Structure formats: C-alpha cells, structure tokens
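Asks: Kindly generate the corresponding structure for this input.
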Amino acid sequence: MSNMDLRQIRQFVAVAEELHFGRAAERLNMTQPPLSQAIQALERELGLRLFDRTKREVKLTPVGEQWFVHARRVLAEATALPDIARKLARGEMGLLRLSFVSTVDYSLLPAAVGRFRAAYPNVELSLREATSDVQIDALLRSEVDVGIVIAPPSSSLSQTLSYRPILREPLIAAVPSSWIDEGRDGFCEGILEPAAFFAAPLILFPRRSAPIFHDLVSGYFAEHRSAFSVFQEAIQMQTIIGLVGSGMGVALVPQSMTRLQRDGVTYLPLSGRVPTVETGLLWRTNDRNAACANFLAVANASVHQPAQAL
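Replies: Prediction:
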C-alpha cells in the first residue's frame, strides 16, 4: 500500500468506468498491454481481485465496486489540490480566527462579518469575544489571527503587532430610566449635565482590560475637576448596561451602544466636549494569512454611521 500512487488509482478508475481495457488505454494515452499489467500489479499489491475478466467482458468484483467509490473520490480530491492551494494563497479558503471587544457587537462587527462571509464563503470564520488585553495576549500566542480592540497602548505594539484605527465615536451616558422617572436631581430627558453624571455611582471596565478607555473616562472626570471613583467594575459592555438598568449606577459608553435597547436604561448625550473612543484592528505584523489581509480590507470598508471612519 505504501507504494500506491495516483497514477495507479487513475488507471483503475479509467478501467472501472469504461469496463474495457482497450478504451481505457486509449483514454489514458497508452497501449493496452501495459495497462493490463498495471492493473494486475495493483491487484497483487492489494492482495485481491478488482476485476473479473473474460474474453467477452470486464466486470468489477464486489470489492472492486466498493473501492471504486473511494478511489474516484480520492482522485477528485487530488485533482482539486492545485486549485485549493491557489485559493488558500489568495485567502479564499482556510481558517480565520477573529476576536472582538463587546462594544463592536453594535457597530462594526455585524457588517464586517456579513460582508466577509458573502465575499469569502469558503473561509471558516471562528469568532471569539474578549477584552482588549486578552486579545493582545492571544495574538502574541498565535491563538487568533486578527482582533477588533479598543485602541491599545502604544507600548503593546512594537514590531510584533500592527494596529489600524478604523472607528471613532463619542461617548454618551447610560443612566437608569428610573432616575429620570423619579425626577432625580440633574436627570431628565434631553442632554445630561456632566455635574449630575459625576455625582452618580460609576460603572466601568477594569483598567487592565481596556486601559485607553479607562483613561478616557478618568481624564474626563479630571478635566472637570471631579473626583474619580469606580463604584462597580465589569468586563463586558452588555454587563455594564445591565447593571445600569438595575439602577446600580451610570456608565459612559460608545454612541453605537444605543442600538442595545435594554429595559431600564436611557442613553443621554452629555453637554459640552465629550471624549471619543477609538476602535481598531490588531494583527501580527508578519502574519502571512491571506484571509487575514482580506478581512482587514472588508472591515475597513464596513465602517458605518453614526461612527466616523478615520
């Protein structure tokens, strides 16, 4: 079995399809005696008969009939190998492992994934939600191919990882709807004054999970000379919104999060200048995965309003 090659399988399939050594030999551009000898050698190698031969006809044995199905499949797969290699090189087949922060569930991710699947249906796409710090570690360990992250600190990039900003959007306040219904001081429909926001319990990501985002929020407090204190931490944006809905406190969230409608939560713009959060693509600089390059292009083209493409 170790000496069997595609030439032998091709010869067997030709005879099995034609059930005539002369026609099969003509199809293979060879003479009949060498083909007969090749089939006999194959049968000796397998230790069984594939054909029953008489002067009038050639028939597949029961084993030959069953093996024919497998041989033809192997031959078809082997024939497709060169095209598969070319498609892999172009990123039209293969595996792409994508990680993303929870904030892009309501902005970039649906459009980017939808367009990528439509353009490259033969690429297997593996999705993994993770905070930015976890994604950086996973990229460095080659566990994912591309990440969608909140802008990482420059110290985490170096020559190993490349970063491309693609989305920037203002932060808005997520507040308990009950506070508005109760007429709580400073909370009403419309535009929220920063002073009322700063006085409320704050819910925020841990700094290790999204240091740039965390520093945006703390910087916003510092800009207004307000004491910065985090009342409750959570690592997923959906969890933060849920805690706001329970009346636990307030949060600053990207504007696109208004697409997440949750009972008990009202989104309010803040008056005055507000910080903007940047989201971008992160990948290994020397990664030769063509599917990764294709996704980067598709994601860049998928940025939509209300966020602003850079």
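
Asks: which residue is nearest the middle of this structure?
Replies: The geometric centre of the chain, computed from its C-alpha atoms, lies nearest to residue 98 (CA atoms, centre = their mean), at 3.1 Å.

Asks: Now for that residue: which residues touch it?
Replies: Going by CB atoms under 8 Å, 6 or more residues apart in numbering, residue 98 touches 113, 125-128, 144-148, 295. Heads up, the C-betas are built off the backbone N, CA and C, glycines and all.

Asks: Now do the longest helix along the chain, average pLDDT.
Replies: Taking DSSP state H as the criterion, the chain has its longest helix at helix 62-89. On average, the pLDDT along helix 62-89 is 91.

Asks: Could you do stretch 200-211 as well?
Replies: For stretch 200-211, the per-residue pLDDT averages 91.

Asks: same question, stretch 165-184
Replies: For stretch 165-184, the mean pLDDT works out to 93.

Asks: all numbers from here: first residue = 53
Replies: All right, first residue 53 from here; so that's stretch 217-236.

Asks: now could you export just the CA positions of it as CSV?
Replies: C-alpha atoms of stretch 217-236 as CSV (Å, rounded to 0.1, in the frame of the first residue of the first chain):
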residue,chain,number,x,y,z
PRO,A,217,-7.7,52.6,13.7
ILE,A,218,-11.0,52.4,11.8
LEU,A,219,-13.7,53.8,14.0
ARG,A,220,-14.1,56.7,16.3
GLU,A,221,-17.2,57.7,18.2
PRO,A,222,-18.3,59.9,21.1
LEU,A,223,-19.1,58.6,24.5
ILE,A,224,-22.6,59.1,25.9
ALA,A,225,-24.1,58.5,29.2
ALA,A,226,-26.1,55.3,30.0
VAL,A,227,-28.4,56.1,33.0
PRO,A,228,-31.2,54.2,34.9
SER,A,229,-34.5,55.2,33.4
SER,A,230,-36.0,55.0,36.9
TRP,A,231,-33.9,58.0,37.9
ILE,A,232,-35.5,60.1,35.1
ASP,A,233,-39.0,58.9,36.0
GLU,A,234,-38.4,59.8,39.7
GLY,A,235,-37.1,63.2,38.8
ARG,A,236,-33.7,62.6,40.4
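
Asks: so where's this protein uncertain?
Replies: Residues of the chain meeting the criterion pLDDT under 70: 53-55, 207-210, 355-362.

Asks: could you redo the last one with a cut-off of 50?
Replies: Applying pLDDT under 50 to the chain flags the ranges 53-54, 356-362.

Asks: Let me see the ranges of the helices in it.
Replies: Using DSSP H, helices in the chain cover 58-70, 73-79, 84-98, 114-141, 160-171, 184-192, 229-233, 246-251, 263-275, 289-297, 342-353.

Asks: could those helices be laid out in a markdown table, adding mean neighbour count and distance to residue 239?
Replies: Formatted as a markdown table, these follow (neighbours: other CB atoms under 10 Å; distance: least, CB to CB, whole Å):
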| stretch | mean neighbour count | distance to residue 239 |
| --- | --- | --- |
| helix 58-70 | 18 | 74 |
| helix 73-79 | 17 | 83 |
| helix 84-98 | 15 | 82 |
| helix 114-141 | 13 | 56 |
| helix 160-171 | 17 | 30 |
| helix 184-192 | 20 | 31 |
| helix 229-233 | 16 | 4 |
| helix 246-251 | 17 | 6 |
| helix 263-275 | 17 | 18 |
| helix 289-297 | 21 | 12 |
| helix 342-353 | 19 | 37 |
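
Asks: Ok, which of these comes nearest residue 217?
Replies: Residue 217 lies closest to helix 342-353 among the helices of the chain, at 10.1 Å (CB to CB).

Asks: And the contacts of the closest one?
Replies: Helix 342-353 is contacted from outside by 140-143, 146-148, 150, 160, 164, 167-168, 171-172, 175, 197-198, 200, 216, 218, 333, 335, 361, using CB under 8 Å, 6+ apart.
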